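1. Sequence first, then the predicted structure:
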Amino acid sequence: MHNLVNTTYPMAQQPPEGVVTVLFTDIVGSAALKTSQGDAAAQEIVRGHFELLREQVESHGGREVKTLGDGLMATFVSPRSALTSAIAMQRALADGNRAKPPEQQVQVRVGLNAGEAIREDGDIFGSTVDAAARICAKAAGGQILASETVRGIVGAAKELQFRDRGRFRLKGFPERWRLLEVAWEEEAPAVVSPPVLAERTPYVGREEERAELRRLMEQAVAGRGSIVLIRGEPGVGKTRLAQELVLEARKAGMFDATGRCYEMEGSPPYIPYIEMLQQSLRRGPAGFRTALGENAGEIAKILPELRQVFDDIPPPLELPPEQERLYLFNSIREFLQRVSHTLPLLHILDDLHWADDATLMLLQHISQHQDKMAILTVATYRDIELDAARPFAQTLESLVRQRLAHRIALKPLPEAGVEAMLRALTAQPPPPALVQAIYRETEGNPFFVEEVFQHLSEQGRLLDAEGRWRSDLQVGELDVPEGVRLVISRRLERVSEDCRTALTDAAVVGRDFGFQMLQSLTQLGADRLLDAIDEAERANLIVASDDLPAASADHAVEARFRFAHELIRQTLISGLSLPRRQRLHLRVAETMEQVYGKGAEAYAADMAHHLYQAGAGADHATTARYLVLAGDQALHSAAFAEALKDYEAAFPLQPSGDLAARADLLYKRGLVHRSLSSRWDEALPDWREAASLYDRLGDKEAAGRVFDAMCQQLLWGLRYEEAAELAQRGLALLGGRDSTYRCRLLGWGGLTVSVAGYYAAGDTMIRRALEMAERLGDKGLIGSALGAAAVRHFCYSQWKEAAGSGLRAVSLEHQTGQLWDLAGETSFIGTALDVLGRFDESRELYSLALPLITRLGHPAPALEFHVDIIRAGKMEALETHGMRSLERARGGEDAAWIWAGVVYLGVAQFWRGHWQEALANFEEAARIQPSGALDGLADAFVLLAKAYMQDREGVHAILKREGAGVPRRAAQNPVASPLLMVRAARASGLGLKGLMGIMLESRAMRRRGPLPRPGRVNRLGSWAILGTAVEGLALVGEKSEAAKLYPLILE
């Protein structure tokens, strides 16, 4: 046969110019023919087949161009002549085969396409020719396939019959081609090929639901957005209803994006929002960058590809992990607000019952503001999947309770709906008995109805060759499978083995998959896999993604597909044994590393999922590495619950001797615990162990980083003794050398000692931190040290010093991007400026800080207090703020500050004249108020309320109290707490005189009364009591005693 390959025959004339019809043929099974007949006999059979084909080409006015292996290539001026020639070929071959034994029969496939071609040296070239060859490759033996172009040129021709065979992917062509089979049999075949369903099944019913969605869409276009939750059983049509709304939204000028949630442990957090952002980016990069604005750095945390597309995106702000999430959420909300101001948006969140915690929290955050945005969010979920243990159940309850979402319940179709579906699928009325039978078995579930129809059609039980209902249809004899998974299984049995292999491997990859990945995974080869994908598409088992990234010079577009329904994927997976499934997961992970190389780390969540699901077959160290990477990515994007799952899964898989890896993982898990309000205390054991491991490893800076995190958290929680102890340990470990973390620990330790009530020692430690920061030349460290100094001065009512240090700190922190620290210190600095009467500077400071507080989500309680209440006298604002502060504190976020929220509520009641209720709140706050420099703030309000109620004895009882400011641990053990402060101060290098000063100051605390001492540094709490004592003594008739105290106020 070698002498028949690539032979060009002379022609009576050159191929025609312009539009031509190109025909290709090829023998199916030529290798088997050669094996069974031998080379000589097989060559004779092939030669005879060529003579027959050439006869038909010549008799129909065609011109043979050349032979290619076992086939030939010919051209025709008329597509009608090409088609009749192809029909004559198949009929002549069929006649010849009848006289031959089966092993000598020849089956030929034929493919045709029409278009312009390039002529050169008797040959023709170009995409028209390439497509014709690819179309021929898609045909089966005895089949003729033609492109839509051929049919379009021929037009209506009674002698030619075309059957739509669906859309195919042709190698080398990015778009799918619709191919048509040309009928050539003189009599109808005994077995008919099933008609191909419409690419989009016509939609029927749901008029009320569509009207409601249309109404909400119109409201969103007008700027009043909302959330709609569509619920129902699997296959009832939730996603399809949302897709129908998308079509209407596009007509209304809305921009739509769809994101899906996946039933896969370890899927990336925020995945539906990531998918929607990706779609928006691909459809309009320039406008997308403009809309990102100053939020680009934060949004790039969950969409890293932004940094590859745009080179002007700044790094994200450095914030405490527990605050990163709120800032990220605010950034996404602001971005959506900007976009919706110019273009109304429709967001589809599919399968929300599988959503991760981070996605649901973001949805809830956006929902609080959606009524002021031109955004309609439509989310679908399975009501049978509601499980109290899953995060979605709580989100659903919250959205409904707050009336932030509309709900639409989809029920199965009635019998009339099933009849309408069958009518739409076939464009003709269905037999009533068939409608009843399908309705009885499917109970009106639309997906089940369509699957049953497809199943019976593929068997040739419903429709004839013309697509009409069979005249011999016997409904009673139809075998309708019980259950949707069974009917899917039956349909999967009818596709080829290659198709099932590809689909099974794809099912393990996930709900959607790429062609390149699947090609490497299945090892079928490009051509066989293309055929398998085409077959699966024609069977409506998968659909091609219509949202692909734009091609670039260095990035080819990879075709992507997804399963037409999650039930199809689940059916495929359910047929796998556990060992087989684990082996496939391992192959997926190995293939991902092979395909993506170093870039596989960008898919850490997927890699971790597949390696973890692979079980013992995967290398434990590799699995642990990807789990940690996935956790890091989740932590970076403030998805703390997801990060915790990954970190905890990694612990038992890490090599037991890798202490550095364990220390790193402990530190990271501690960060996650700190960020989850309900698990704050769980951070400390992790951090303590991490610090010890770093110490053993000799990594002092890493240990210093851990001690820094612990001290900061403990000080915010007003746990002075623990913070001082850890500052001492960290400083002792770091030694006397200047370093970043020694400087930070000096600052935190000094502030801790100061707020605990030991002014002199804290002053020395903070001054040393500032000196070290200046030696290091680090503006950020200088700003932090000045900020600590400002807060310390505030705690001792040193207003001028607080303002001076604070304004310098604000300037440096603004320059270095330490915006979280800036926002937290503003309330202290602003108060100092107000007390000093520097109102213009105070207003300027607040105008800088207020937007930051809103964006960062910083609590900054005193700032709200001063701006909204003291200046404007808004009692409602004070009460609202008190309730919000209590809610945060009792929810675990700021538990140490419950007393402050109670004070705010008491002040609001006091101003309204409800003195008894106010006193009860003040007394509760006094019982739980912090010790140290803040001690006495709640007592001041107790004194004032008692004075207004004419309780003279109560006023004097407060003024006679001793031991003001003594830490609780010191009250129980007079030596323990001061010794902790001494150790912390000693580790900072404080001399013997300073250390003795702490012990003396502790002794003075136990004897000190609540009022300030003339000519000395005094606590903020004592100054607060002095202010209310002067007013209170006057109210109970002791004006002379009040007058004696008044000079202290002037001091």
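-> Done, it's in.

2. Checking my notes, residue 110 in a strand, right?
-> Yes - counting by DSSP: H, G, I helix; E, B strand; the rest coil, residue 110 is located in a strand.

3. is it true that it touches residue 85?
-> No - with contact defined as CB atoms under 8 Å, residue 110 does not reach residue 85; the gap is 9.1 Å. Where you see a C-beta, it was placed from the backbone N, CA and C, and this is true even at glycine.

4. more neighbours, the two?
-> residue 110 (28 against 25; other CB atoms under 10 Å).

5. And the pLDDT for the more buried one?
-> You'll see residue 110 listed with a pLDDT of 96.

6. list residues touching both of residue 110 and residue 85?
-> residue 23 (CB atoms under 8 Å, 6 or more residues apart in numbering).

7. Pull the residues that contact the helix or strand hosting residue 52.
-> Assigned by DSSP states H and E, residue 52 belongs to helix 39-59. Residues from elsewhere that reach helix 39-59 (CB under 8 Å, 6+ apart): 1, 4, 23, 25, 27, 30, 33-34, 37, 63-64, 67, 70, 72, 74, 85, 88-89, 92-93, 96, 104, 106, 108.

8. Enumerate the positions of it that are buried.
-> Buried positions in helix 39-59, judged by neighbour count with 16 or more other CB atoms under 10 Å: 42-43, 45-46, 49-50, 52-54, 56-57.

9. Just put the residues you listed in TSV and tack on pLDDT.
-> Below are the buried residues of helix 39-59 laid out as TSV (pLDDT from 0 to 100):
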residue	pLDDT
42	84
43	86
45	88
46	89
49	91
50	92
52	92
53	94
54	93
56	94
57	95
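
10. Now the element after the helix holding residue 52, going C-ward?
-> According to DSSP H and E, the helix or strand after helix 39-59 is strand 63-68.

11. In terms of secondary structure, what does that following strand contact?
-> On a contact count with 3 or more CB pairs under 8 Å, 6 or more residues apart in numbering; DSSP states H and E, strand 63-68 meets helix 39-59, strand 71-76, strand 123-125.

12. Save the ones you listed as JSON lines, and put in distance to residue 339 too.
-> JSON lines is the format used below for the helices and strands packed on strand 63-68 (distance: least, CB to CB, whole Å):
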{"stretch": "helix 39-59", "distance to residue 339": "60"}
{"stretch": "strand 71-76", "distance to residue 339": "53"}
{"stretch": "strand 123-125", "distance to residue 339": "47"}
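
13. picking that back up, which ones among the contacts of helix 39-59 lie within helices?
-> Applying DSSP state H to the contacts of helix 39-59, the entries found in helices are 30, 33-34, 37, 85, 88-89, 92-93, 96.

14. Can you say which of those residues are buried?
-> Counted by 16+ other CB under 10 Å, the ones in helices among the contacts of helix 39-59 give 30, 33-34, 85, 88-89, 93 as buried.

15. which one of these is nearest residue 621?
-> residue 30 (50.8 Å; CB to CB).

16. show me what contacts that closest one?
-> Residue 30 touches 1, 42, 46, 69-70, counting by CB under 8 Å, 6+ apart.

17. Just flag the most distant two among those.
-> 42 and 69 (12.8 Å).

18. Now residue 112: closest residue in space that isn't a chain neighbour?
-> residue 146 (4.4 Å; CB to CB, 6 or more residues apart in numbering).

19. what about the stretch 101-250 of the chain, any weak spots by pLDDT?
-> Filtered on pLDDT under 70, the stretch 101-250 of the chain yields the residue ranges 186-202.

20. repeat that with 80
-> 102-103, 121-122, 156-159, 164-169, 171-176, 185-203 (pLDDT under 80).

21. the strands in it, which residues?
-> Counting by DSSP state E, counting those that start in this stretch, the stretch 101-250 of the chain has strands at residues 107-116, 118-120, 123-125, 144-147, 162-169, 176-182, 226-232.

22. residue ranges with poor pLDDT in the stretch 901-1050 of the chain?
-> Using pLDDT under 80, the flagged stretches of the stretch 901-1050 of the chain are 962-1009, 1015-1016, 1048-1050.

23. coming back round to it: show me which of the buried ones among the ones in helices among the contacts of helix 39-59 is closest to residue 633.
-> Closest to residue 633, out of all of those and judged by CB to CB, is residue 30, at 52.4 Å.

24. Distance check, that closest one against residue 45.
-> Noted for residue 30: a distance of 9 Å to residue 45, by CB to CB, to the nearest Å.

25. One more: residue 634?
-> 64 Å.

26. what does residue 1017 give?
-> 110 Å.

27. Residue 499 now?
-> 31 Å.

28. lowest-pLDDT helix or strand in this structure?
-> One helix or strand of the chain scores below all others by mean pLDDT, DSSP states H and E: helix 968-972, with a mean of 42.

29. Contacts only, for the residue nearest in space to the middle of the chain.
-> The centroid of the chain falls nearest to residue 270 when counting by CA atoms, centre = their mean (1.3 Å). By CB under 8 Å, 6+ apart, the residues touching residue 270 are 302, 356, 358-359, 362, 637, 639.

30. give me that answer again for 10 Å
-> If a contact means CB atoms under 10 Å, 6 or more residues apart in numbering, then residue 270 has 259, 276-277, 301-303, 328, 332, 355-356, 358-359, 361-363, 634, 637-639, 642 as its contacts.

31. Repeat that for residue 703.
-> Residues near residue 703 by CB under 10 Å, 6+ apart: 663, 667, 690-697, 729-730, 733-734, 741.

32. Mark which of those residues are buried, thanks.
-> For the contacts of residue 703, buried by 16+ other CB under 10 Å: 663, 667, 690-695, 729-730, 733-734, 741.

33. before we move on, the earlier item: and the residue nearest to the centre of the chain, what's its pLDDT?
-> Residue 270 is given a pLDDT of 92.

34. so what's the backbone phi/psi at it?
-> phi 60, psi 20 (degrees, to the nearest 10).

35. Next, work out how far apart it and residue 365 are.
-> Where residue 365 is concerned, residue 270 sits at a distance of 12 Å (CB to CB).

36. what do these two both touch?
-> 328, 332.

37. List the residues that contact residue 86.
-> 23-25, 53, 56-57, 60, 62, 74, 76, 108, 110-112, 144-146, 182, 184.

38. So which other helices or strands are in contact with the helix or strand containing residue 424?
-> Assigned by DSSP H and E, residue 424 falls within helix 415-426. On a contact count with 3 or more CB pairs under 10 Å, 6 or more residues apart in numbering; DSSP states H and E, helix 415-426 meets helix 432-442, helix 446-458.

39. ok, of those helices, where does mean pLDDT dip lowest?
-> helix 446-458 (a mean of 80).

40. could you give the angle of that helix to helix 432-442?
-> 130 degrees (axes from the mean of the first three to the mean of the last three CA atoms, to 10 degrees).

41. And helix 446-458, what does it pack against?
-> Packing partners of helix 446-458 (3+ CB pairs under 10 Å, 6+ apart): helix 238-251, helix 415-426, helix 432-442, helix 484-493, helix 566-574.

42. Now with 7 Å, please.
-> Helix 446-458 is packed against helix 415-426, helix 432-442, helix 484-493, with contacts defined by 3 or more CB pairs under 7 Å, 6 or more residues apart in numbering; DSSP states H and E.

43. so how far is the last one off the chain centroid?
-> Offset of helix 484-493 from its chain centre (CA atoms, centre = their mean, to the nearest Å): 32 Å.

44. Just list what the helix or strand just after it packs against, helices and strands only.
-> Later in the chain than helix 484-493, the nearest helix or strand by DSSP H and E is helix 497-509. Judged by 3+ CB pairs under 7 Å, 6+ apart, helix 497-509 is in contact with helix 515-522, helix 526-538, helix 566-574, helix 578-596.
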